[in-house]
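A.B. asks: below is the structure, and that's it, no one-letter string:
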């Protein structure tokens, strides 16, 4: 049974229970954050790096967490920012344009040992990689993490209306891609 | 559950074919990944924060210094590090001059030890030589000395040494008595004959 988020934050701020609170927090959110990150960066090794960076930032910043939003919203915000930073770094290192980057991530999906082009789940993964990263994040948070738009707005610092529009476009693009593949 | 239903309904309206796809992620995860992740990340976070503490410490002491960039502002000659090389000087053994007193103390210690050894050696060899004055004994002519001794003196000597004063633990007393008896039974003529056979000059017989 996981401890309530509020209790975790309080315990973390006390020196005697800091380590235990942090351990509980990591255990509670590691899988959710891992898959959120992996849907963005595709490869496990990259997801592992980004996940570690995320939790290190949590360790450094949780003392000053203001609790004006949900803890999980704050965690997703950090994880998403870390993903976008990672993708930006790839773009800067690469000389190819955005469309090629999208293809690059699609190829990473196809390079998976279990990839099966005939299965819809794999086609969906490839299709998601065709989206611009912000749209990709919106779709993933709504479709996989079932996050309310209001919480998503805090994660992405974007208005609810813009998020709804973004999600609408993302879903349409994916459907079209799957139908055409 | 309401939220989930809302999302499903929403997607059915936008992209019905996407709504029907199984949501489970097809990618695999390394076995046991999450079992060790928590421990590792705690260790990493603590190690990383030890590095950050240096910055926090400065914030308390002199916050202005933390705002100044640590990037070096001096310029560097172009290609400096590419051609950078360290000429290590050859190590020379240093000669340390010994102090005067210490020098002479070491000399005198060596001299004393040598003196002791020489003296001990001399005393040892000298002691051995004193018990045997071979020159002195070489000068003595035993035959001549015996000729100068009178028969009366010899008889008196032999009577005085009537018993063999042999004190050897390993000699049987019965054997000693036997030897003494044999000497008493030997006559003078037999003694002279023995001496002639063995190259000894007999003592002149005096009547």
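C.D. replies: Cool, the structure landed. These figures come from a predicted structure and were not determined experimentally. Numbers count the residues shown, from 1 in each chain, chains lettered A, B, ... in the order given.
A.B. asks: can you spell out the domain ranges of chain A, please?
C.D. replies: Structural domains assigned to chain A are A:1-93, A:96-181, following automatic domain parsing.
A.B. asks: how about residue A:108: what's its closest non-neighbour residue?
C.D. replies: residue A:42 (4.1 Å; Cβ to Cβ, 6 or more residues apart in numbering or on different chains). The C-beta positions use only the backbone N, C-alpha and C, and glycine is treated the same way.
A.B. asks: want to throw the domains of chain A into CSV with mean pLDDT, mean neighbour count and distance to residue B:19?
C.D. replies: Formatted as CSV, those follow (pLDDT from 0 to 100; neighbours: other Cβ atoms under 10 Å in any protein chain shown; distance: least, Cβ to Cβ, whole Å):
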stretch, mean pLDDT, mean neighbour count, distance to residue B:19
domain A:1-93, 91, 17, 18
domain A:96-181, 87, 17, 9
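A.B. asks: any chance of those in CSV, plus distance to residue B:196?
C.D. replies: Converted to CSV, the domains of chain A look like this (distance: least, Cβ to Cβ, whole Å):
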stretch, distance to residue B:196
domain A:1-93, 121
domain A:96-181, 126
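A.B. asks: those domains: which one's closest to residue B:174?
C.D. replies: domain A:1-93 (103.5 Å; Cβ to Cβ).
A.B. asks: which intervals of chain B have sub-threshold pLDDT?
C.D. replies: Within chain B, the stretches with pLDDT under 70 are B:1, B:51-76, B:80-81, B:84-92, B:127-140, B:142-143, B:159-173, B:175-176, B:178-184, B:198-207.
A.B. asks: switch to 80 and redo it
C.D. replies: For chain B, the stretches flagged by pLDDT under 80 are B:1-3, B:49-100, B:126-151, B:153-188, B:190-207.
A.B. asks: quick one, strands of it?
C.D. replies: Assigned by DSSP state E, chain B shows no strands.
A.B. asks: which residues of it lie near chain A?
C.D. replies: Contact residues (Cβ under 8 Å from any Cβ of the partner chain) of chain B with chain A: B:3-4, B:7, B:11, B:14-18, B:21-30, B:33-34, B:37-38, B:40-42, B:44-46, B:48-49, B:52.
A.B. asks: show me which of those are buried.
C.D. replies: B:7, B:11, B:14-15, B:18, B:21, B:26-27, B:37-38, B:41-42, B:45 (16 or more other Cβ atoms under 10 Å in any protein chain shown).
A.B. asks: longest helix anywhere in chain B?
C.D. replies: helix B:100-130 (DSSP state H).
A.B. asks: and that helix, what's buried?
C.D. replies: Result for helix B:100-130 [16+ other Cβ under 10 Å]: no buried residues.
A.B. asks: out of the domains of chain A, nearest to residue B:118?
C.D. replies: domain A:1-93 (78.6 Å).
A.B. asks: tell me how chain B divides into domains.
C.D. replies: If you go by automatic domain parsing, chain B breaks into B:101-140, B:142-197.
A.B. asks: quick one, what contacts the residue lying closest to residue A:169 once chain neighbours are set aside?
C.D. replies: Nearest residue to residue A:169 in three dimensions, chain neighbours excluded: residue A:135, at 6.6 Å (Cβ to Cβ, 6+ apart). Residues counted as contacts of residue A:135 (Cβ atoms under 8 Å, 6 or more residues apart in numbering or on different chains) are A:166, A:169-170, A:173.
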